[in-house]
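[1] When you get a sec, could you give me coordinates for this:
(chains A and B)
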Number of protein chains: 2
Amino acid sequence: MATLKDVAAECGLTVTTVSRVLNNRGYISDETRKKVFAAMEKLNYKPNEVARSLSKKTTNTIGVIVPHIRHPYFADMISNIENAASKEGYKIILCNTKGRNNKEKEYLDMCTSNRVAGIILFSASVAVQEFTDSKIPLVTVERFVENGTAAVECDNREGGELAAKHLIDRGCKHLLMISGVTESSMPADDRAIGFEDVCKKNDVTYRIVSTSIGQYNSLDYHELLQDALQMDERIDGIFTSSDLIASQVLQVCTKIGRRVPEDLKLIGFDDVMISQITNPPISTIHQPIKEMAEAAVDMVIAASKGKTVPKRTLLPVSLVIREST
Amino acid sequence: MATLKDVAAECGLTVTTVSRVLNNRGYISDETRKKVFAAMEKLNYKPNEVARSLSKKTTNTIGVIVPHIRHPYFADMISNIENAASKEGYKIILCNTKGRNNKEKEYLDMCTSNRVAGIILFSASVAVQEFTDSKIPLVTVERFVENGTAAVECDNREGGELAAKHLIDRGCKHLLMISGVTESSMPADDRAIGFEDVCKKNDVTYRIVSTSIGQYNSLDYHELLQDALQMDERIDGIFTSSDLIASQVLQVCTKIGRRVPEDLKLIGFDDVMISQITNPPISTIHQPIKEMAEAAVDMVIAASKGKTVPKRTLLPVSLVIREST
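    A predicted model of the protein is given here:
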């Protein structure tokens, strides 16, 4: 691969001059500039970002740590983060913990060793406490941690309220919510609080069922859903904490002979592609995924440049009505 | 952040000795080693991978360039690649071209500048021709390019044959295939060849419809599907070049009042999560995504170490029967 030296030799200039052109430093005549770029083009020279990063003591890289890539919510988030980062000239290193805490710690260390400009984290275990010593900005999405740099969240409580109100508006009397994982603090917990509030104020019965970490990791909720629906045949409205779970409700209903929306109204959460391609398409609570991704990227870059960023940012959610209600 | 110097000062040793412990070079007594590790722990020292990469002239990073992240096939691929890379101590930089050729070129340059160990590419425009000068191994998945280091593919032709045979076995007489993008060379082209071969040998009518780059980029095929199905009401079997398109067939069928599988049998391609969560679940051609991802990662790492790798690797596909046929 051509080096800076090769470029200098090709155009008959010193390495220092070529370096000044590359870094746009000091006075350089147009003629010199043209000469250098022509030589770079001819030799197919690519500047060594590794060397530049070492002298700048940081990289234009953002570490993105997620518990899932295949999950449509995270796939959508990652896509939006990559897009926002790319626009700002940053690249992303993608890390998948699959919910394992030791993997999270390992990835945090890896990001530190690679001198990332900052980290966007979609889960938060004990390792995070330890991590913040490293002075690398840490932006969490859908998780608030005391010692993080910033947290970007959507209004989960409002989302739970909207979902319950909508089911009740549609005439449901016996509600079921499939919530977060028992063992962990999850955004679904706030959704459950909002859901419960509305149920209590109205003349409906309700039940909130937690899921297990095993189900969250495997993304398979069929058994849980079938048990919950068959345990109480009066259930006529169901709110799930993700569109992915909602899509599995549709399958279980077909299996046990319940029609959506005739016998049972269904509303999900997230508003990812999956909610539009099921049959019937699923009503859901829209998370502003694009805006959350952009906010996280903006904040991690700003913080890496020493700017002060808001500790918590709460973005609004909204109700999307489709055929399942 | 603590430096090597700080660690040396903390344990009262020279930087050279500490560096030898870190790199496991030369004779070091157990006592010295313990002292160094204790100091590193105390100061929360993280080795600077950027400096190590500069001296090694490469990084333990793989560039992964995809045309989509939200598409369930690519989300699944990315997840498997991250997993395989992580096991080998490599990290991935994820790049999303959204089908734009200029973005592909930009990402190839960025990967080169960042001295990645190798690149795994899921699309291939003219830029690839230019790229291979750089001596960085380039493994393509589902695209064969003459000047690439290696290509990993699944047996697309066999997949098309299996799909056509299955529809004919189920009694279909008038088949429709939704194929790849008109303007580009796509893996779906080989699937169409296999499909056509089987149709010709059997007593069935068939039509192959290409999609547009706009549809591929937006992932929205509803209009195309409705037009194709309404143009010929005899159609009783449909093969789509992805499960994503197949899921949209289900929606269009509901809209125009055709029942799957009673009026129309449907088979997709890929065997990603989406084919299991629709209603009914979709029969499909299984791509060995995990094995393809692992092969791509193994090859890119082997090639970066100067090993010879196979130019083309073709992995088998298989038929998965679900309720849509």
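[2] how about the residues of the stretch 151-300 of chain A near chain B?
    Within the stretch 151-300 of chain A, the positions lying close to chain B (CB under 8 Å from any CB of the partner chain) are A:219, A:244, A:247-248, A:250-251, A:254, A:273-274, A:277-281. The C-beta positions use only the backbone N, C-alpha and C, and glycine is treated the same way.
[3] tell me which of the residues you listed is nearest to residue B:48?
    residue A:219 (37.4 Å; CB to CB).
[4] For that closest one, grab the count of nearby residues.
    16 (other CB atoms under 10 Å in any protein chain shown).
[5] Do I have it right that it meets residue A:68?
    Yes - Residue A:219 lies in contact with residue A:68 (CB atoms under 8 Å); the separation is 7.3 Å.
[6] mind checking the SS state of residue A:224?
    At residue A:224 the chain is in helix, as set by DSSP: H, G, I helix; E, B strand; the rest coil.
[7] quick one: least confident helix or strand in chain A?
    When each helix and strand of chain A is scored by mean pLDDT, DSSP states H and E, helix A:127-131 comes last, with a mean of 65.
[8] Parallel or antiparallel, list what pairs with the helix or strand just after that one.
    Sequence order places strand A:138-141 as the next helix or strand after helix A:127-131, per DSSP states H and E. Partners of strand A:138-141 in the sheet, by DSSP bridges, are strand A:118-121 (parallel), strand A:150-154 (parallel).
[9] Can you list the buried residues in strand A:138-141?
    A:138, A:139, A:140, A:141 (16 or more other CB atoms under 10 Å in any protein chain shown).
[10] try stretch A:169-180
    Buried, per 16+ other CB under 10 Å, within stretch A:169-180: A:172, A:174, A:175, A:176, A:177, A:178, A:179, A:180.
[11] Turn the residues you listed into CSV, including secondary structure.
    Output for the buried residues of stretch A:169-180, formatted as CSV (three-state DSSP):
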residue, secondary structure
A:172, coil
A:174, strand
A:175, strand
A:176, strand
A:177, strand
A:178, strand
A:179, strand
A:180, strand
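[12] between those, which is closest to chain B?
    residue A:178 (14.9 Å; CB to the nearest CB).
[13] Tell me the spacing between residue A:232 and residue A:267.
    Using CB to CB, to the nearest Å, we find residue A:232 at a distance of 18 Å from residue A:267.
[14] How many neighbouring residues does residue A:10 have?
    With other CB under 10 Å as criterion, residue A:10 counts 18.
[15] Quick check: it is in a helix.
    Yes - assignment of residue A:10 by three-state DSSP places it within a helix.
[16] Could you double-check that it lies in contact with residue A:44?
    No - here residue A:10 does not reach residue A:44: they are 11.4 Å apart, not a contact under CB under 8 Å.
[17] For residue A:232 and residue A:267, indicate the residue with more neighbours.
    Using other CB under 10 Å, the more surrounded residue of residue A:232 and residue A:267 is residue A:267, with 30 against 11.
[18] which element is that one on?
    strand A:265-270.
[19] now that strand, how far from the chain's geometric center?
    Computed by CA atoms, centre = their mean, to the nearest Å, the chain-centroid distance of strand A:265-270 equals 19 Å.
[20] So what are the sheet partners of that strand and their directions?
    Strand A:265-270 sits in its sheet next to strand A:237-240 (parallel), strand A:283-286 (parallel), going by DSSP bridges.
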